[in-house]
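Asks: Quick one, structure for this:
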Amino acid sequence: MKHPLLVAALVAVAVAACGKKEEPAVQAPPSAQEQMKESAAQAVEAAKESAAAAGEAAAAATEAAKEEAAAAVEEAKEGAEEAKSATDAAVEAVKEEAAAAVEQVKDAAEAAKAEAAAAVDAAKEAAGAAVGAAKEAAKD
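Replies: Presented below is the predicted three-dimensional model:
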């Protein structure tokens with residue numbers, strides 16, 4: 001008989017224990033040290049985000065500077081090419097003018113040579129005539 005009474009008592013205790021609701025434990029407010037830890041963690045996270053944003057901004061600025069430098073180099077190359085073309089054209093013009101001047105000098109030298117040959121021929125004729133006249137005068 002003792003057993004059914006014991007079983008009934010255990011069932012009663014179990015039902016009573018399950019029927020009770022536990023009151024939630026009141027949490028103590030965080031201590032100042034925990035609050036500082038949380039604030040420090042938030043500050044560290046904000047610093048990391050700022051550093052990442054600064055890194056992205058620096059990368060963007062570097063890329064923009066690279067693009068501007070590449071454009072400047074391209075413009076310089078184009079300017080150098082234009083200057084080279086202008087120089088080549090000027091050199092070609094000077095060569096053509098020099099060739100024309102050389103031709104004129106050659107023509108003038110040919111003309112002077114022909115005139116000198118004509119003068120020599122004329123001088124020979126004059127000398128021959130003078131010799132003939134002198135012989136004629138000597139015969140008389």
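Asks: ok, which stretches of the chain are strands?
Replies: Assigned by DSSP state E, the chain shows no strands.
Asks: quick check: longest helix of it.
Replies: helix 32-139 (DSSP state H).
Asks: helices and strands around that one, which ones?
Replies: Other helices and strands packing on helix 32-139, by 3 or more CB pairs under 8 Å, 6 or more residues apart in numbering; DSSP states H and E, are absent; none qualifies. (C-beta placed from N, C-alpha, C; glycine too.)
Asks: burial of E67, as a residue count?
Replies: With neighbours defined by other CB atoms under 10 Å, the count for E67 comes to 10.
Asks: which residues touch it?
Replies: By CB atoms under 8 Å, 6 or more residues apart in numbering, the contact set of E67 is empty.
Asks: Let me know the pLDDT of the spatially most central residue of the chain.
Replies: In the chain, the residue lying closest to the centroid (CA atoms, centre = their mean) is A70, at 2.2 Å. Looking at A70, its pLDDT stands at 95.
Asks: just E23 next, same as before
Replies: pLDDT at E23 comes out at 62.
Asks: next one: A41
Replies: So A41 comes in at 89 (pLDDT).
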